[in-house]
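Q: Build me a model:
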Amino acid sequence: MRLVPTPRGEIILNIAGRKCAMCLTLGGLAEMEAMFGCTTLPDLTRRLAMLSADETMALVAILIRGGGSNPDDFDLTTLSAGEAARAMAEVFRAALG
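A: Next up, the predicted model:
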């Protein structure tokens, strides 16, 4: 898996042979906070350290929407846990430095 950041802070991920942009947007952050019942970014950061597989797939979907695509257009079940974790980490790194 090769993750390539773009100037907008997107990461291009290959999912089952198809390129997919992932991006952390303000709306995506708000969606994550609501999903986990967090009220601050530090709360969200702590919560992200203990994700279930379902939560990981939900976060990948949020980041794909942030990149401008419909996550339903991709078979997210083909991603390994490591690929999903690396992609999420790279998206956060690209967005937040």
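Q: Which helix or strand contains Cys20?
A: Taking DSSP states H and E as the criterion, Cys20 maps to strand 18-22.
Q: List the buried residues in that strand.
A: By neighbour count with 16 or more other CB atoms under 10 Å, strand 18-22 contains the buried residues Cys20, Ala21, Met22. (Glycine included, C-beta is placed from N, CA and C.)
Q: residue contacts, the spatially closest residue to the last one that is not a sequence neighbour?
A: When you say that, I think you mean Met22. Nearest non-adjacent residue to Met22, counting by CB to CB, 6 or more residues apart in numbering: Leu63, 4.0 Å away. Leu63 makes contacts with Met22, Cys23, Leu24, Gly28, Ala87, Met88, Val91, as judged by CB atoms under 8 Å, 6 or more residues apart in numbering.
Q: What about the residues you listed, which are in helices?
A: Counting by DSSP state H, the part of these found in helices is Gly28, Ala87, Met88, Val91.
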